[in-house]
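Chemist: Dropping the sequence and predicted coords here.
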Amino acid sequence: MIATVTLNASIDKAYQLACPLVDGTVMRVATCIDNAGGKGMNAARAVATCGEDVVATGFVGGNNGRLLCELLDADGIAHDFVHVAAETRCCVNVLDPGGVSTEFLEPGRPVTEGDVAAMREKIAEVAARADVVTFNGSVPAGTGEGIYRELVGIVRAAGKPAILDTSGTLLVESLPARPSMIKPNTDEICAILGRKPESIDEIVAAAREVHETRGIEKVVVSLGGDGSVMACDEGVFRGRAPKIEVVNPVGSGDTMVGAFAVAMARGMNVEDQLAYAMSCASANCLTASTGHFDMTVAEELRAQTSVERVA
């Protein structure tokens with residue numbers, strides 16, 4: 001079983017427009033899709049699509065929290081949340097006919113010290129029965145900047161792999177807990193090393209430096225349409241995905257994290273882990289609904305995804 005942790009869950013609304021977005025006007029929404037949102041929810045759906053058991057946890061509260069649980073039930077995703085008094089937030093993704101995506105992200109409402117204590121207990125319970133635990137996204141006020149370091153430490157102390165997908169201070173502060181995998185972009189590499197890699201050679205060197213000096217087993221640097229770079233004990237690898245006509249890219253990085261967790265739980269070799277995760281992420285870009293993809297399409301894209309050792 002794989003567990004995904006979303007401390008800053010949301011109701012994600014995808015608004016599809018019939019015409020381009022125009023500032024300062026009234027825009028009619030052609031279609032609206034509601035999803036249980038937050039990066040870990042997208043990762044959980046990816047795990048389920050890949051055919052593995054998954055449980056989603058994190059903070060939920062209020063009417064939006066109840067709706068989020070109902071949406072997960074409709075998706076067939078098991079959940080085991082810490083319920084809080086604060087209302088779960090909403091986030092809106094506006095998609096115009098040209099494929100341009102504009103997002104409006106609410107901040108998470110504050111949680112209490114008691115809520116955080118309950119989350120520590122929940123993570124210990126989940127880690128005891130999970131094969132892999134993923135920590136995904138931002139955090140609400142009240143948790144503190146060291147929350148991921150603490151929670152990742154609980155999972156690692158239980159002897160289980162922990163994947164961390166966050167940014168900024170939350171990412172940097174967590175590294176002493178040695179998550180099994182992180183998935184930074186070049187800006188997040190800059191936050192860790194104090195310099196931003198620009199060329200592929202610099203990205204390869206930076207990923208390897210974070211792996212070797214910070215003790216992170218896998219450092220996977222996402223490059224968008226240019227693929228990804230992964231540094232690990234086996235070497236540094238470059239993954240390239242086929243060119244596709246993107247419908248909605250939102251949630252693709254989360255899908256990659258969920259698929260990586262599946263690949264790790266299945267004991268794939270590192271090259272296959274990267275190719276598998278990238279193909280699922282590419283498939284996610286081909287659907288309008290955030291964090292959903294067709295596994296048959298992912299398998300077709302897998303045959304067109306290449307991974308080579310570069311260092």
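Modeler: Cool, got the structure.
Chemist: ranges for the helices of the stretch 101-250 of the chain?
Modeler: Ranges of helices in the stretch 101-250 of the chain, per DSSP state H, counting those that start in this stretch, are 113-129, 147-157, 168-174, 186-193, 200-214.
Chemist: Go through those helices and name the closest to residue 285.
Modeler: For those, the distance to residue 285 is smallest for helix 186-193, at 19.7 Å, taking CB to CB. For every residue, glycine as well, the C-beta is placed using N, CA and C.
Chemist: what's the angle from that closest one to helix 200-214?
Modeler: With axes from the mean of the first three to the mean of the last three CA atoms, to 10 degrees defining the directions, helix 186-193 sits at 40 degrees from helix 200-214.
Chemist: Find the residue closest to residue 188 in space, skipping its chain neighbours.
Modeler: Nearest residue to residue 188 in three dimensions, chain neighbours excluded: residue 167, at 5.1 Å (CB to CB, 6 or more residues apart in numbering).
Chemist: Please identify the most buried of the helices of the stretch 101-250 of the chain.
Modeler: Mean neighbour count (mean count of other CB atoms under 10 Å) peaks for helix 147-157 among the helices of the stretch 101-250 of the chain, with a mean of 21.
Chemist: packing partners for that one?
Modeler: Using 3 or more CB pairs under 8 Å, 6 or more residues apart in numbering; DSSP states H and E, the elements in contact with helix 147-157 are helix 113-129, strand 132-136, strand 162-165, helix 168-174.
Chemist: quick one, which of those is nearest to residue 75?
Modeler: Of all the helices and strands packed on helix 147-157, strand 132-136 sits nearest to residue 75, with 16.2 Å by CB to CB.
Chemist: Can you give the contact residues for the closest one?
Modeler: Contact partners of strand 132-136, identified using CB atoms under 8 Å, 6 or more residues apart in numbering, comprise 2-7, 38-40, 42-43, 123, 126-127, 148, 151-152, 155, 160-166, 179-180, 254, 257-258, 261, 264-265.
Chemist: one step back: how about CSV for the helices and strands packed on helix 147-157, with mean pLDDT added?
Modeler: Listed next are the helices and strands packed on helix 147-157 as CSV, based on pLDDT from 0 to 100:
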stretch, mean pLDDT
helix 113-129, 98
strand 132-136, 98
strand 162-165, 98
helix 168-174, 95
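Chemist: Which of those sits closest to residue 222?
Modeler: Per CB to CB, nearest to residue 222 of these: strand 162-165, 9.7 Å.
Chemist: now that closest one, how far from the centre of its chain.
Modeler: For strand 162-165, the separation from the chain centroid amounts to 8 Å (computed by CA atoms, centre = their mean, to the nearest Å).
Chemist: Equivalent analysis for stretch 41-52, please.
Modeler: Using CA atoms, centre = their mean, the offset of stretch 41-52 from its chain centre is 11 Å.
Chemist: got the buried residues for it?
Modeler: Neighbour-count burial for stretch 41-52, counted by 16 or more other CB atoms under 10 Å, picks out 41, 42, 43, 44, 45, 46, 47, 48, 49, 50, 52.
Chemist: Kindly indicate which of these lies nearest residue 218.
Modeler: residue 43 (15.6 Å).
Chemist: what about the nearest residue to residue 81 once chain neighbours are set aside, is that helix, strand or coil?
Modeler: Spatial nearest neighbour of residue 81, chain neighbours left out: residue 60 (4.6 Å); criterion: CB to CB, 6+ apart. Secondary structure assignment for residue 60 (DSSP: H, G, I helix; E, B strand; the rest coil): strand.
Chemist: For residue 60, give me its contacts.
Modeler: By CB under 8 Å, 6+ apart, residue 60 lies in contact with 9, 66, 68, 69, 81, 82, 83, 84, 88.
Chemist: sorry, back to before: out of the helices and strands packed on helix 147-157, nearest to residue 225?
Modeler: Among the helices and strands packed on helix 147-157, strand 162-165 comes nearest to residue 225, with 19.0 Å by CB to CB.
Chemist: In the sheet, which residues pair with residue 103? Tell me.
Modeler: On the basis of DSSP bridges, residue 103 is bridged to residue 93.
Chemist: Pull the number of nearby residues for it.
Modeler: For residue 103, the neighbour count with other CB atoms under 10 Å is 12.
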